[in-house]
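Asks: Mind folding the following:
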Amino acid sequence: MCTDTSHNPRDCQCKGGQMRGFLQPRLLLYLAQKPAHGYELMEALGKYPDISIDPGGLYRTLRGLEEDGWVKSTWDTHGGGPARRVYELTDQGLDFLHAWAVNIRKTRQQLAEFLAEYQNLFPNERS
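Replies: Purely as a prediction, here's the structure:
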């Protein structure tokens, strides 16, 4: 586990240093606010150092979300330039986002309990 805070968390090569599997809820949460195209989603994800994704991975994830029925896409042919695929959250996707929130709350509680127990066992350790 990385304890060096002097570098960008995205650059961490340590095992367990990043939260895995958090891309889906981030995408769903963003799309709950408004429909967006891939470049806009990539830019929005760039704000979160815990998420490291390449464009190919983003589009594979979006296709998977679409196959599962959690997002839908349409082609935007308005404006100049090539057509862009715009992604939008479905009702099923909103239900899935709510389920993520429930699970994250449960995980947060479990983490708080773990950290309290850890702190009792190792009171002099910085965490």
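
Asks: which SSE is residue 31 in?
Replies: Following DSSP states H and E, the helix or strand that holds residue 31 is helix 23-33.

Asks: Same question for residue 43.
Replies: Assignment of secondary structure by DSSP H and E places residue 43 within helix 38-45.

Asks: Let me know the angle separating that helix from helix 23-33.
Replies: On the basis of axes from the mean of the first three to the mean of the last three Cα atoms, to 10 degrees, helix 38-45 is oriented at 110 degrees to helix 23-33.

Asks: Just give me how far the following helix or strand past helix 38-45 sits from the chain centre.
Replies: Per DSSP H and E, helix 38-45 leads on to helix 55-67 as the next helix or strand towards the C-terminus. Taking Cα atoms, centre = their mean, to the nearest Å, one finds the center of helix 55-67 at 13 Å from the center of the full chain.

Asks: swap in stretch 64-82?
Replies: With Cα atoms, centre = their mean, you get 19 Å for stretch 64-82.

Asks: tell me the mean pLDDT for that stretch?
Replies: The average pLDDT within stretch 64-82 is 93.

Asks: in it, what counts as buried?
Replies: Using 16 or more other Cβ atoms under 10 Å as the test for burial, stretch 64-82 gives 65-66, 70-73. Glycine gets a C-beta too; all of them are placed from N, C-alpha and C.

Asks: So what angle separates the directions of the lengthiest helix in the chain and helix 55-67?
Replies: Longest among the helix segments of the chain by residue count, using DSSP state H, is helix 91-121. Angle between the axes of helix 91-121 and helix 55-67 is 120 degrees (criterion: the same axes, to 10 degrees).

Asks: returning to that earlier point: turn the buried residues of stretch 64-82 into JSON lines, columns for distance to residue 99.
Replies: JSON lines is the format used below for the buried residues of stretch 64-82 (distance: Cβ to Cβ, whole Å):
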{"residue": "65", "distance to residue 99": "14"}
{"residue": "66", "distance to residue 99": "18"}
{"residue": "70", "distance to residue 99": "11"}
{"residue": "71", "distance to residue 99": "15"}
{"residue": "72", "distance to residue 99": "19"}
{"residue": "73", "distance to residue 99": "22"}
